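**Q** sequence and predicted structure below; questions after.
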Amino acid sequence: MNAVRIVWRVTQLNFRAQLEYRTEFLMMIAIGAIWQVSVIVFATVLLTRFAGMGGWDSSDVLLIPATRMLAHGLFVLFLGRVHGLGRHIQEGKIDAYLLRPMPVYRQVQLEHFPTNAIGDLTVAVGLMVGALGRSHLDWTPGRIAYLVAAVLGGMLLEAALFTVVASASLRFPAADYWGRWLEELLGTFGSYPLNVLPRAVGGFLTYGLPLAFVAYFPAAVLTGHGHSTGAPYWLAAASPFLGLLAYLASRWLWRWALGHYTGVNG
Amino acid sequence: MTASIEVRGLSRTFHTTVRRPGFTGVLRSLVNPERVEKHAVSDISFDVAPGELLALLGPNGAGKSTTIKMLTGILTPTSGEARVAGVVPYRERERNARNIGAVFGQRTQLWWDLPVRESFSILRDIYEVPKAEHAARLREFDELLELSSFWDTRVRHLSLGQRVRCDLAAALLHDPPVVFLDEPTIGMDVVVKEQVREFLRYQVAERGRTVLLTTHDMTEVERLAERVVLVNHGRLVLDGTLDEVRRGFGSTWQVRATLADPHTPVGPLPGIALVSHDGPQVVFGPDGPAAPTVHQALKLVIERYEVTGVAVDEADLEDVMRAAYAEVRAKAEAA
């Protein structure tokens, strides 16, 4: 209970600290929203110029960026400070975290309040409302529950990928650059039905870098395209669960990497 | 009495790659990197008794910070063992963290964007310190370090001296029996330095805390520590009192005397060399390892000669340590 209280208290104080710099605060929200401009443009073009994509109806395709964006917004809000860990390492913050009787991962997340997440989530919620409004699906409680699980699974999968990069950064701070590449890749390919891409690229984004499990597979399962993704149906359907598994595995890797932490300046 | 800090054969080795010279060398290193071992700390052993302040000294890169990082649980040693207040720091990091306080002079452990007092109250929650106890301790620290004039300021707006004073208070708010200080007064002005030293003296003498201090400030060592451990190239060179350090590394005193009769024949005394003799002005210095202390030499000179004036020049600790570092460096190069 004490841990939850501390997390809540630090988050409140960090949020209040950000609020005190009004212009900076509003700018960060705007940046969070503007950062997603490519997704907004994609959604607009999709709805105004195309009837569909890769055999998917436009309204079904829209569910992919909406799911990904919401998962991403939640990732930025709850677990996103793990991205860019190299800076924390170079500044010696990890050393300071190791001196406190509190898990280091939690302290990384409590480093500051991610104001830009408000912008991310505003765009994401707008997109999801639009996607659900245009959807022809019958939103039964089962489908809604699966969508919620898919968003949470997507959030955990993204967190898992960045936690793996952060674990590598603990040993090689330059590994942090891979995080930027990952962010770029997620933003670029995360909104498309991956069956429109060449097979090799689609295969890489499924089994190499599991981007497909963030939003494409869950959206495929929800919209009835689950059997035509090129991956076994059960695998696509298990995406939310795999997100959870990947996150747990990444946390194990993090603990191992922290045990082998060499610090900065010897 | 069980030691607060026990260090036995502690070693830490880092692996790095050697850079070959020139462009082709860089390319060769890329394809076939040459890995080398860097022994940051090698087989170091020492104890620190409860309520003792020990200064861990050595030139830059000697292994002081790496030793402290292993004792605080930041780094895991390659070999050897350490216990801090009965806990193995790198095996039980969180338990060890409750028993220790640590200040790294060049970095803050406070929340950068929050007012200091908010940081203190978060730490109170993390360490589960009762509210009344926390308030009483803050009052005490405020009296000693004058924190209240700036503790409602965000950490990012504090001066270095203010920030380190807050870091010191934050490190001790949970009443840890063992404190690690890595160059706590670096970059401070003399007034704040003295305030911090007084605070540390109080924590050791009145609160019985065990303190392990690293510093390059010899005035600080002289005023705070009775015992020092000198390390160089990761190895322990000396573990002893300040007097032992002075004796071991050329305590270079001089006794200057003005003779009542300039024609008095003057010669060396037991363990005392005649450095110069110019009319009535005579200068004596230590002769060999069996030389007496400066006070004994003064007594011998006054007893042996009739003098009208006498003065003593004694090397300060800074000179002694400079001699010590030079000697260990020369030995290392010779080896």
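**A** Thanks, I have the structure now. Residues are numbered from 1 along each chain as shown, chains lettered A, B, ... in the order given.
**Q** what does the stretch 51-200 of chain B put close to chain A?
**A** B:61, B:63, B:65-66, B:69, B:72-76, B:93-95, B:97-98, B:100, B:102, B:104, B:106-109, B:111, B:113-114, B:118, B:122, B:125-128, B:154 (CB under 8 Å from any CB of the partner chain). C-beta: built from backbone N, CA, C; applies to glycine.
**Q** of those residues, just the buried ones, ChimeraX syntax please.
**A** In ChimeraX syntax, the buried subset of those is picked out as below (16 or more other CB atoms under 10 Å in any protein chain shown):
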select /B:63,65,66,69,72,73,74,75,76,93,97,98,100,102,104,108,109,111,113,114,118,122,126,127,154
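**Q** can you tell me which of the residues of the stretch 51-200 of chain B next to chain A are in helices?
**A** Those of those mapping onto helices are B:Ser65, B:Thr66, B:Lys69, B:Arg93, B:Glu94, B:Arg95, B:Ala97, B:Arg98, B:Glu118, B:Ile122, B:Asp125, B:Ile126, per DSSP state H.
**Q** and the last one, what pLDDT?
**A** The predicted local confidence for B:Ile126 comes out at a pLDDT of 93.
**Q** next one: the second one
**A** pLDDT, the model's per-residue confidence, is 94 for B:Thr66.
**Q** quick check: which element contains the residue lying closest to it once chain neighbours are set aside?
**A** In space, and not counting its chain neighbours, B:Thr66 is closest to B:Ala40: 4.3 Å by CB to CB, 6 or more residues apart in numbering or on different chains. Mapping B:Ala40 onto the secondary structure by DSSP states H and E places it in strand B:34-48.
**Q** just the CA atoms of that strand, as PDB, please.
**A** Extracted C-alpha coordinates of strand B:34-48, given in PDB (Å, rounded to 0.1, in the frame of the first residue of the first chain):
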ATOM      1  CA  GLU B  34      41.300  -6.100 -28.400                       C
ATOM      2  CA  ARG B  35      39.700  -6.500 -25.000                       C
ATOM      3  CA  VAL B  36      41.600  -5.600 -21.900                       C
ATOM      4  CA  GLU B  37      40.900  -5.800 -18.200                       C
ATOM      5  CA  LYS B  38      41.000  -2.700 -16.100                       C
ATOM      6  CA  HIS B  39      41.400  -3.400 -12.400                       C
ATOM      7  CA  ALA B  40      39.600  -0.500 -10.800                       C
ATOM      8  CA  VAL B  41      39.900  -2.000  -7.300                       C
ATOM      9  CA  SER B  42      42.200  -4.900  -6.500                       C
ATOM     10  CA  ASP B  43      42.100  -6.900  -3.300                       C
ATOM     11  CA  ILE B  44      41.300  -4.100  -0.900                       C
ATOM     12  CA  SER B  45      40.600  -4.900   2.800                       C
ATOM     13  CA  PHE B  46      39.800  -2.600   5.700                       C
ATOM     14  CA  ASP B  47      37.400  -2.100   8.500                       C
ATOM     15  CA  VAL B  48      35.600   1.000   9.800                       C
END
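**Q** in that strand, what's buried?
**A** Per 16+ other CB under 10 Å, strand B:34-48 contains these buried residues: B:His39, B:Ala40, B:Val41, B:Ser42, B:Ile44, B:Phe46, B:Asp47, B:Val48.
**Q** just give me the closest of these to chain A.
**A** Nearest to chain A among these is B:Ala40, at 5.2 Å by CB to the nearest CB.
**Q** just for the stretch 1-150 of chain A, where's the confidence low?
**A** Within the stretch 1-150 of chain A, the segments meeting pLDDT under 70 span A:1.
**Q** residues from it in reach of chain B?
**A** Checking the stretch 1-150 of chain A against chain B by CB under 8 Å from any CB, the hits are A:2, A:5-6, A:9-10, A:13-14, A:17-18, A:91-93, A:95-96, A:98-102, A:112.
**Q** any of those buried? List them.
**A** Using 16+ other CB under 10 Å, the buried ones in those are A:6, A:9-10, A:13-14, A:17-18, A:92-93, A:95-96, A:98-102, A:112.
**Q** burial of A:Val39, as a residue count?
**A** 20 (other CB atoms under 10 Å in any protein chain shown).
**Q** just list the residues touching it, thanks.
**A** A:Pro65, A:Met69, A:Val123, A:Leu127, A:Gly187, A:Ser191 (CB atoms under 8 Å, 6 or more residues apart in numbering or on different chains).
**Q** same thing but 10 Å
**A** A:Pro65, A:Ala66, A:Arg68, A:Met69, A:His72, A:Val123, A:Ala124, A:Leu127, A:Gly187, A:Gly190, A:Ser191 (CB atoms under 10 Å, 6 or more residues apart in numbering or on different chains).
**Q** now do B:Leu300
**A** Contacts of B:Leu300 by CB under 10 Å, 6+ apart are B:Val255, B:Leu269, B:Pro270, B:Gly271, B:Ile272, B:Phe284, B:Pro292.
**Q** try it again at 7 Å.
**A** B:Leu269, B:Ile272, B:Pro292 (CB atoms under 7 Å, 6 or more residues apart in numbering or on different chains).
**Q** most neighbours, which of those?
**A** Neighbour max across the contacts of B:Leu300 (other CB under 10 Å) = B:Ile272, 21 neighbours.
**Q** can you give me the distance of A:Ala220 to B:Gly279?
**A** 105 Å (CB to CB, to the nearest Å).
**Q** out of the two, which sits in the busier spot?
**A** A:Ala220 (27 against 9).
**Q** ok, that one touching A:Gly226?
**A** Yes - contact status for A:Ala220 versus A:Gly226: in contact at 4.9 Å, counting by CB atoms under 7 Å.
**Q** what are the ranges of the helices in the chain?
**A** Unless you meant another one, I'm taking chain A. Counting by DSSP H, the helices of chain A are A:2-19, A:22-34, A:37-49, A:58-78, A:85-90, A:93-98, A:104-109, A:116-134, A:141-171, A:176-189, A:199-203, A:216-223, A:233-237, A:239-259.
**Q** if you could check chain B rather than the one you did, that'd help
**A** Secondary structure of chain B by DSSP H: the helices cover B:22-31, B:64-71, B:93-99, B:116-126, B:131-145, B:160-172, B:190-205, B:218-224, B:242-248, B:294-304, B:317-334.
**Q** low-confidence ranges in the stretch 201-335 of chain B?
**A** Residues of the stretch 201-335 of chain B that meet the cut-off, pLDDT under 70, sit at B:250-251, B:315-316, B:335.
**Q** gap between the closest residue to chain A within it and B:Val294?
**A** In the stretch 201-335 of chain B, no residue comes nearer to chain A than B:Gly234, which is 9.8 Å away by CB to the nearest CB. The gap separating B:Gly234 from B:Val294 is 34 Å, by CB to CB.
**Q** repeat that for B:Ile302.
**A** To B:Val294, B:Ile302 is 13 Å away according to CB to CB.
**Q** could I get stretch B:152-172 in PDB with only the CA atoms?
**A** Output in PDB follows, covering the C-alpha atoms of stretch B:152-172 (Å, rounded to 0.1, in the frame of the first residue of the first chain):
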ATOM      1  CA  ASP B 152      10.800  25.700  -0.400                       C
ATOM      2  CA  THR B 153      12.900  26.400  -3.600                       C
ATOM      3  CA  ARG B 154      13.100  23.800  -6.400                       C
ATOM      4  CA  VAL B 155      16.300  21.900  -6.400                       C
ATOM      5  CA  ARG B 156      17.100  23.100  -9.900                       C
ATOM      6  CA  HIS B 157      17.300  26.700  -8.600                       C
ATOM      7  CA  LEU B 158      19.600  26.000  -5.700                       C
ATOM      8  CA  SER B 159      23.300  27.000  -5.600                       C
ATOM      9  CA  LEU B 160      25.800  24.200  -5.300                       C
ATOM     10  CA  GLY B 161      26.400  24.800  -1.600                       C
ATOM     11  CA  GLN B 162      22.600  24.900  -0.800                       C
ATOM     12  CA  ARG B 163      22.000  21.800  -2.900                       C
ATOM     13  CA  VAL B 164      24.800  19.700  -1.200                       C
ATOM     14  CA  ARG B 165      23.500  20.800   2.200                       C
ATOM     15  CA  CYS B 166      20.000  19.600   1.200                       C
ATOM     16  CA  ASP B 167      21.500  16.400  -0.100                       C
ATOM     17  CA  LEU B 168      23.300  15.800   3.200                       C
ATOM     18  CA  ALA B 169      20.100  16.400   5.100                       C
ATOM     19  CA  ALA B 170      18.200  14.000   2.700                       C
ATOM     20  CA  ALA B 171      20.800  11.300   3.200                       C
ATOM     21  CA  LEU B 172      20.500  11.400   7.000                       C
END
